[in-house]
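Chemist: I'll drop the sequence and a predicted model, then ask my questions.
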Amino acid sequence: MDEQKPDHAHWTAVADQWIAWAGAPGHDAFWAYRDGFVSYLGAGSGRALEIGCGEGRISREVRALGYQVTATDAVAAMVDAASAARSADAYAVAPAAALPFADGAFDLVIAYNVLMDVDDVPAALREARRVLAPGGTLFVSIVHPFRDRGRFADKSAGAPFIVEGTYYGREHFDGVESRDGLSMHFAGWSLPLQDYMAALESAGLAIVSLREPQPDAASTEQLRQWSRMPMFLWIKARALPAGQPRVPEEKP
């Protein structure tokens with residue numbers, strides 16, 4: 001497979017793999033953080049949009065919290081799976097950088113582990129900002145940029161965490177993970193934290209809350225590793241008021 005294959009083409013090719021992988025309860029890393037995610041997002045109401053819904057598990061959680069949810073994905077097979085599972089209230093096939101919704105249409109926009117998989121993060125965040133209502137919240141989950149650039153020396157809970165090469169720069173990743181009879185071909189982009197922050201800033205979004213979550217329960221060696229080194233980074237951001245400087249001015 002060409003490592004520069006566009007994100008849409010890759011995820012179209014592996015849609016069946018992802019639907020099986022993500023849909024198996026307890027199989028993917030999401031399930032180890034589910035309670036923490038639900039608690040951090042919190043109950044609410046209003047209009048919510050999920051960008052990159054996959055088979056729909058995040059939309060289902062958000063809907064259960066009280067929101068009216070629209071689920072979108074660039075891959076039609078993903079939207080079909082989410083719809084079949086009745087994950088949301090409405091559905092649309094749409095790429096992250098070209099959402100078919102009016103300005104300010106949603107009170108909550110969620111991009112859960114999808115920004116690593118899009119070719120143009122700044123464009124995706126500009127669209128998220130555009131469809132976000134005044135006072136609304138953008139929730140972003142990404143694989144923690146530092147965790148993405150290193151590895152544990154072995155499978156033991158106390159194994160050293162090793163970083164080789166450089167943390168900086170944009171790097172493509174491509175690999176297959178197999179476990180318990182299922183395989184998933186992951187591919188996307190690894191970015192340093194400052195690149196995500198620059199994209200948020202450029203889109204006119206300001207971080208209001210940040211978490212480096214630990215697993216809900218450290219019941220295995222792997223989960224105990226993840227309790228030492230964050231696997232994910234969760235961010236809540238809000239739109240800056242029109243006309244407000246995106247970078248604070250330094251005092252003389």
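Modeler: Looks like it came in fine.
Chemist: give me the most central residue, the protein.
Modeler: residue 113 (2.0 Å; Cα atoms, centre = their mean).
Chemist: what sits against it?
Modeler: Residues in contact with residue 113, defined by Cβ atoms under 8 Å, 6 or more residues apart in numbering, are 30, 52, 141, 142, 143, 232. (Glycine included, C-beta is placed from N, CA and C.)
Chemist: include distance to residue 100 when you put the residues you listed into CSV, please.
Modeler: Listed next are those as CSV, based on distance: Cβ to Cβ, whole Å:
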residue, distance to residue 100
30, 27
52, 15
141, 23
142, 24
143, 28
232, 29
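Chemist: what's the farthest-apart pair in the residues you listed?
Modeler: Of all pairs drawn from the contacts of residue 113, the greatest distance, 15.1 Å, lies between 52 and 232 (Cβ to Cβ).
Chemist: how about residue 67: what's its closest non-neighbour residue?
Modeler: Nearest non-adjacent residue to residue 67, counting by Cβ to Cβ, 6 or more residues apart in numbering: residue 48, 3.8 Å away.
Chemist: the one you found: which element?
Modeler: strand 47-51 (DSSP states H and E).
Chemist: repeat for residue 233
Modeler: Residue 233 belongs to strand 232-239, assigned by DSSP H and E.
Chemist: which neighbours does that strand have in its sheet, and in what orientation?
Modeler: Strand 232-239 pairs in its sheet with strand 132-143 (antiparallel), strand 205-211 (antiparallel), by DSSP bridges.
Chemist: buried deepest among these, which one?
Modeler: strand 132-143 (a mean of 20; mean count of other Cβ atoms under 10 Å).
Chemist: same for the very next helix or strand once past it, what does it pack against?
Modeler: Remark: after strand 132-143, the chain's next helix or strand is helix 145-148, criterion DSSP H and E. Applying 3 or more Cβ pairs under 8 Å, 6 or more residues apart in numbering; DSSP states H and E, we find helix 145-148 packed against helix 193-202.
Chemist: CA atoms of the helix it packs on as PDB?
Modeler: C-alpha atoms of helix 193-202 as PDB (Å, rounded to 0.1, in the frame of the first residue of the first chain):
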ATOM      1  CA  LEU A 193       1.500  19.000  20.000                       C
ATOM      2  CA  GLN A 194       2.400  22.500  18.800                       C
ATOM      3  CA  ASP A 195       1.000  21.700  15.300                       C
ATOM      4  CA  TYR A 196      -2.400  20.900  16.800                       C
ATOM      5  CA  MET A 197      -2.200  24.000  19.000                       C
ATOM      6  CA  ALA A 198      -1.300  26.200  16.000                       C
ATOM      7  CA  ALA A 199      -4.200  24.700  14.000                       C
ATOM      8  CA  LEU A 200      -6.700  25.500  16.800                       C
ATOM      9  CA  GLU A 201      -5.300  29.000  17.200                       C
ATOM     10  CA  SER A 202      -5.500  29.600  13.400                       C
END
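Chemist: can you show me the strands along the protein?
Modeler: Secondary structure of the chain (DSSP state E): strands at 47-51, 68-73, 90-93, 106-112, 132-143, 150-152, 161-163, 171-179, 182-190, 205-211, 232-239.
Chemist: now do the contacts for residue 16.
Modeler: residue 77.
Chemist: number of nearby residues for the closest residue in space to residue 156 that isn't next to it in sequence?
Modeler: The shortest distance from residue 156 to any non-neighbouring residue, by Cβ to Cβ, 6+ apart, is to residue 221 (6.0 Å). Per other Cβ atoms under 10 Å, the neighbour tally for residue 221 reads 15.
Chemist: ok, residue 221 to residue 227 distance?
Modeler: Separation of residue 221 from residue 227 (Cβ to Cβ, to the nearest Å): 11 Å.
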